[in-house]
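> could you look at this predicted model? Sequence included:
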Amino acid sequence: MKKSIYLIALTVLTFTNSCSSKKEDNTITKDSAILVQVASPSLNDSKELNVSGQIEAAQSVNISTRMMGFITAINVKIGDHVSKGQLLVTISNDDIKAKRAQTDAMIAEAEAAFNNAKKDLDRFNNLYKQQSASAKELDNINLQFNSSKSRLEAAKQMRNEVSAMMNYTQLTAPFAGIISQKMMDAGNMASPGMPILTIEQAGELQVSASVPENMIQQLKLGATANVQIQSAENSFQSTISQINPSSQFTGGQFIVKIKIPTATQKGLYAGMYATISVPIKNAIEKTSIQNAVLVPLSAIEYKNQLAGLFTISSNNHALLRWVRLGKTYEDKVEVLSGLEKTESFIISADGKLFNGASVKIK
């Protein structure tokens, strides 16, 4: 009997210790703080203007026709190098050939009438000198001659019009370059103004960048620009070759062109993205560029269409703060509202952060 009572007491003691241990473990897990690293926003006091751009050909045109007709042949493909005047596309031209045959017949008829009228004019001039023809008869012959001459000229101009139409069925390269796009194939219906091919001038590349209106006054033609193309691991220094003086059709952005030196074009292709940095000698004080509150992109948390970052409350808990973001500067982004300039925020954590999590600064 005593042995049974002892076993029951031992079992109860063991169960009580186990529950106490689990409770203690849960308390420790719940109360353990996540180690975090914090930072404060930085002010963009850079004396450089940084914008993003894209490589493009210095000259690029769309090849199209003014004639409606079926495409009978496209003699090139994407990536082909073409020379100036090379035949690219052929449009069906049977109807134009028929019109040309008609104008040829009209010219032959008009030439015969003109030659006959010229002979009559010469004959009546001689008769009039011999007083064998009246002035009225000579005037009528002159009228017939001028009329036949006009009909011949009209027929020749019609022939020129048909020849011009024929040229629009034989599309050639306006300059030496590379075929970069092909929008149609043989058998498609070509319409006036609809592009069939795009050709880019070979050997001449430039960087095109959009600059906001509050920065455009800082740029000048010929100013030095540092360009970096990360995808090609290429960087070089060049100059601003063009500044578009209007932003009416570009959404308030001014287009700036930067030349790419020939020696640095190897491995570069139209469409690659570039980062442009332009030194600013006379920086304007207290502008939105210099006083921008910047935080690392890695610290931003995204949920649906909202952006936020974690701050630390007074009782050392993580607090998700929703912010409004502005422009991006390389690996940092501008915070327009939601974060004070002197307020700290979490940039990294040793665990999964959530709103209200207990944190401890490293």
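Okay, I see it.
> now do the buried residues in the lengthiest helix in the chain.
For the chain, the longest helix by residue count, based on DSSP state H, is helix 94-129. For helix 94-129, a neighbour-count test (16 or more other C-beta atoms under 10 Å) marks 96, 99-100, 103, 106-107, 110, 113-114, 117, 120-121, 124 as buried. C-betas here are computed from N, CA, C, even on glycine.
> closest one of the residues you listed to Ala223?
Using C-beta to C-beta, Ile96 is the member of the buried residues of helix 94-129 that lies nearest Ala223, at 52.2 Å.
> next one: the closest one from Asn167, what distance?
10 Å (C-beta to C-beta, to the nearest Å).
> anything in contact with each of these two?
Common contact partners of Ile96 and Asn167 (C-beta atoms under 8 Å, 6 or more residues apart in numbering): none.
> show me the shaky parts of this structure.
The model of the chain has pLDDT under 70 over residues 1-31, 42-47, 281-291, 329-330.
> on that earlier part again, quick check: what element follows the longest helix of the chain along the chain?
As assigned by DSSP states H and E, the chain's next helix or strand after helix 94-129 is helix 135-167.
> mind listing residues that contact the helix or strand following that following helix?
Going down the chain from helix 135-167, the next helix or strand is strand 170-172, by DSSP H and E. Applying C-beta under 8 Å, 6+ apart, the contact partners of strand 170-172 are Ile63, Ser64, Thr65, Gly85, Gln86, Leu87, Leu88, Val89, Thr90, Ile91, Ile196.
> quick revisit: now for the longest helix of the chain, which elements pack on it?
Counting contacts by 3 or more C-beta pairs under 8 Å, 6 or more residues apart in numbering; DSSP states H and E, helix 94-129 packs against helix 135-167.
> please report the number of neighbouring residues for Phe236.
16 (other C-beta atoms under 10 Å).
> and it, helix, strand or coil?
strand (DSSP: H, G, I helix; E, B strand; the rest coil).
> with adjacent residues omitted, what lies nearest to it?
Thr264 (4.3 Å; C-beta to C-beta, 6 or more residues apart in numbering).
> need the longest strand for the chain.
Identified as the longest strand of the chain according to DSSP state E is strand 318-329.
> cool, thanks, talk later.
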